[in-house]
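Trainee: Everything below, folded, please.
(chains A, B, C and D)
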There are 2 protein chains.
Amino acid sequence: MNKSELIDKISESTGVSKADTERVLKGFEEVAQQIVATGGDKLTLTGFMSIEQVHRKARTGRNPQTGATIQVPASNAVKLTPGATLKDIAKGKRQPS
Amino acid sequence: MNKSELIDKISESTGVSKADTERVLKGFEEVAQQIVATGGDKLTLTGFMSIEQVHRKARTGRNPQTGATIQVPASNAVKLTPGATLKDIAKGKRQPS
DNA sequence: GTCGATCAGTTCGCTCTTGTTCATCGGGAT
DNA sequence: ATCCCGATGAACAAGAGCGAACTGATCGAC
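Mentor: Residues are numbered from 1 along each chain as shown, chains lettered A, B, ... in the order given. The predicted model follows:
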């Protein structure tokens, strides 16, 4: 499923226009970008997901074409964590809304 | 940041009412739940994130209070993957929109 | 304002992910 | 319709996350 299909589905089920649905998703993405850009806060949507910036240690990577090892420097990364409700649905312990 | 704060921010920046913003986020969550409940499809929001159901092997867990080991059966889990744009923003390689 | 649901933190052995480069193909902004 | 950007997959060593059970704190639906 891609973005267009998602917007169609959300618009159908909520009655919100596709244009506004798209604006809200874009707004959500921009807030997520601000969260991971600054790292000072964490966004938690209870039962759904959380989004935060985390730090990753330096380590060894590899060029898949040549097999040469490459030093990957320490840097910031994105951590997306599913919430309990979403996990329970994936496990079959619970039904989607 | 929690859900209320997120809705305020999105509503402010997009001009969409808080009520509609909340409906769209709820709709997005419900679609994500359908994706991880069935496992047949994967939702990809290019540059932002993707959401899918994955399978996890059985393994050993532990009760942190008693230290007793517990067998955790194989089951389905949720995989949330950040997209390239979000990752680049976390690394500082790129500015948020 | 209430109260049920969820989060965060705890241990630890093992599973899973990470990031590198690059060609190809699809998405999606315009 | 066009075309630039991002997803995908390849190898792999090492980093990071997972999930159990439980509890106090917080969230958010009503």
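Trainee: what about the helix or strand hosting residue A:79, near DNA strand C?
Mentor: Secondary structure assigned from DSSP states H and E places residue A:79 in strand A:75-82. Yes: contact of strand A:75-82 with DNA strand C is found when judged by C-beta under 7 Å from any atom of the strand, involving A:75, A:77, A:81. All C-beta spots, glycine's among them, are computed from the backbone N, C-alpha and C.
Trainee: Could you give the average pLDDT over the next helix or strand after that strand?
Mentor: As assigned by DSSP H and E, the chain's next helix or strand after strand A:75-82 is helix A:84-91. Helix A:84-91 shows a mean pLDDT of 96.
Trainee: Spell out which parts of chain A neighbour DNA strand D.
Mentor: A:44-46, A:54-57, A:59-62, A:64-65, A:67, A:79, A:81-82, A:87.
Trainee: Which PyMOL command selects the buried ones in those?
Mentor: To isolate the buried ones among those in PyMOL, judged by 16 or more other C-beta atoms under 10 Å in any protein chain shown, type:
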select buried, chain A and resi 44+45+79+82+87
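Trainee: separation between the nearest residue in space to residue A:10 that is not next to it in sequence and residue B:4?
Mentor: Nearest residue to residue A:10 in three dimensions, chain neighbours excluded: residue B:27, at 3.6 Å (C-beta to C-beta, 6 or more residues apart in numbering or on different chains). Separation of residue B:27 from residue B:4 (C-beta to C-beta, to the nearest Å) stands at 18 Å.
Trainee: Name the residue in the two with the higher neighbour count.
Mentor: residue B:27 (24 against 10; other C-beta atoms under 10 Å in any protein chain shown).
Trainee: so who does that one touch?
Mentor: A:9, A:10, A:11, A:13, A:14, A:16, A:21 (C-beta atoms under 8 Å, 6 or more residues apart in numbering or on different chains).
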